[in-house]
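Visitor: Just the structure for this:
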Amino acid sequence: MDFVSYALISLLAGLIGLLVAAPIVLRASAVERRIQEVARTTRADAPEVTTRKSAVGKILAMASWLRSRIGLSDDEKLRQRFLAGGMRPDLFMDGYFAVRLLAPFAGVALGSRLGDNAIVASLIFAFLGYMLPDLWLSRMQTRRKNRIRRGIPDAIDLLVTCVDAGLGIDQALLKVGQELAGVQPALSQELLRVNLEQRAGKGRIEAWRSMAERTQIPEFLSLVNMLVQTDRFGTPIIRALSRFGAEIRARRRQRAEEAAAKAKVKILFPLVFFIFPTIFIVLLGPALLNIMKSFDIMK
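Guide: Below you'll find the model as predicted:
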């Protein structure tokens, strides 16, 4: 490709990149968004929108239209993935879309410099650039789930202790969230968020179910179902929590045993392909060298 083609491709990629990055650059701050929500009115004497704000609104509308056309529009499933990974969608989603759109262009530019294999390398790098943000998001989601899952048994034990000491279930969840802030920050964040949602006016059961939907962890879903049944039918909460804690610990022990059983199979491949050849070289190498020397002497 000549210089003009490279220049046109670079210009097109730059324009698309600027348009996609517009929601990040032109996004109003949290204070400005709050002021706009409070000051929004339908009165006849409402202040007119300035030229700058109108231009910003048009650019953001174009960016939203471009993202929807190329299949990078946000949806509820993607928002749930960000929440499960511990990230606010309104802060990270625009950057996620920008990287996912611009990374393939960077991969094509990198692959085009590899000479004879430029086309294949460009396709591979473009595919990797498009998939890396999604893989990163899945990795963050899995790591946070594992951290929360490891802290659930300890949280249940603390919850049983707090309820047994006379606290209500809401106060007990708040106390457990505060106590686990230094050891299990992800789990503490979810428990404290339940308390904040209840203080904001959301119902208790609805707040619990929102926690289960955000985390997407089966143990949390079982805990929420148990708490809902206890709250509905008046079952003693201490007995239900104690039984649930025993079940959670039994599940964790079963997962540990399952991981230990899988380790025997997983270690077979590096053992055969890496460790055994090294052992054979160390043990049989000197003998083969001696045999070769003996044949040379006989000649």
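Visitor: burial count for Ala103?
Guide: 19 (other CB atoms under 10 Å). The way it works is simple: take the backbone N, C-alpha and C, and place the C-beta from them, glycine included.
Visitor: Touching, it and Leu132? I think so.
Guide: Yes. With contact defined as CB atoms under 8 Å, Ala103 counts as touching Leu132 (6.3 Å).
Visitor: elements contacting the helix ranked longest in the chain?
Guide: Of all the segments of type helix in the chain, defined by DSSP state H, the longest one is helix 118-164. The elements that helix 118-164 packs onto, with contact taken as 3 or more CB pairs under 8 Å, 6 or more residues apart in numbering; DSSP states H and E, are helix 76-84, helix 89-111, helix 169-179, helix 185-199, helix 218-233, helix 237-266.
Visitor: Just the C-alpha atoms of the helix or strand where Ala287 lies, please, in PDB.
Guide: For Ala287, the enclosing helix or strand under DSSP states H and E is helix 276-298. Extracted C-alpha coordinates of helix 276-298, given in PDB (Å, rounded to 0.1, in the frame of the first residue of the first chain):
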ATOM      1  CA  PHE A 276       9.500 -36.700  31.100                       C
ATOM      2  CA  PRO A 277      11.600 -35.600  28.100                       C
ATOM      3  CA  THR A 278      13.900 -33.700  30.400                       C
ATOM      4  CA  ILE A 279      14.300 -36.700  32.600                       C
ATOM      5  CA  PHE A 280      15.100 -38.900  29.600                       C
ATOM      6  CA  ILE A 281      17.700 -36.500  28.400                       C
ATOM      7  CA  VAL A 282      19.400 -36.300  31.800                       C
ATOM      8  CA  LEU A 283      19.300 -40.100  32.300                       C
ATOM      9  CA  LEU A 284      19.900 -41.400  28.800                       C
ATOM     10  CA  GLY A 285      22.000 -38.600  27.400                       C
ATOM     11  CA  PRO A 286      25.400 -39.600  28.900                       C
ATOM     12  CA  ALA A 287      24.800 -43.300  27.900                       C
ATOM     13  CA  LEU A 288      24.000 -42.300  24.300                       C
ATOM     14  CA  LEU A 289      27.200 -40.200  24.200                       C
ATOM     15  CA  ASN A 290      29.300 -43.100  25.400                       C
ATOM     16  CA  ILE A 291      27.800 -45.400  22.900                       C
ATOM     17  CA  MET A 292      28.500 -42.900  20.100                       C
ATOM     18  CA  LYS A 293      32.100 -42.600  21.200                       C
ATOM     19  CA  SER A 294      32.500 -46.400  21.300                       C
ATOM     20  CA  PHE A 295      31.300 -46.600  17.700                       C
ATOM     21  CA  ASP A 296      33.800 -43.900  16.700                       C
ATOM     22  CA  ILE A 297      36.600 -45.800  18.300                       C
ATOM     23  CA  MET A 298      35.600 -49.000  16.500                       C
END
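Visitor: So which bits of it are buried?
Guide: Neighbour-count burial for helix 276-298, counted by 16 or more other CB atoms under 10 Å, picks out no residue.
Visitor: for stretch 112-122, same thing?
Guide: Ser112, Ala121, Ser122.
Visitor: With stretch 145-163 instead?
Guide: Applying a neighbour-count criterion of 16+ other CB under 10 Å, one finds 145, 148-149, 151-163 buried in stretch 145-163.
Visitor: Pull the residues that contact stretch 179-189.
Guide: Among residues not part of stretch 179-189, those counted as contacts by CB atoms under 8 Å, 6 or more residues apart in numbering are 86, 144, 147-148, 150-152, 154-155, 158, 177-178, 191-192.
Visitor: how about those in JSON lines, adding pLDDT?
Guide: As requested, the contacts of stretch 179-189 are exported to JSON lines (pLDDT from 0 to 100):
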{"residue": "Gly86", "pLDDT": "80"}
{"residue": "Arg144", "pLDDT": "89"}
{"residue": "Arg147", "pLDDT": "87"}
{"residue": "Ile148", "pLDDT": "87"}
{"residue": "Arg150", "pLDDT": "84"}
{"residue": "Gly151", "pLDDT": "85"}
{"residue": "Ile152", "pLDDT": "85"}
{"residue": "Asp154", "pLDDT": "85"}
{"residue": "Ala155", "pLDDT": "87"}
{"residue": "Leu158", "pLDDT": "88"}
{"residue": "Gly177", "pLDDT": "89"}
{"residue": "Gln178", "pLDDT": "89"}
{"residue": "Leu191", "pLDDT": "88"}
{"residue": "Leu192", "pLDDT": "89"}
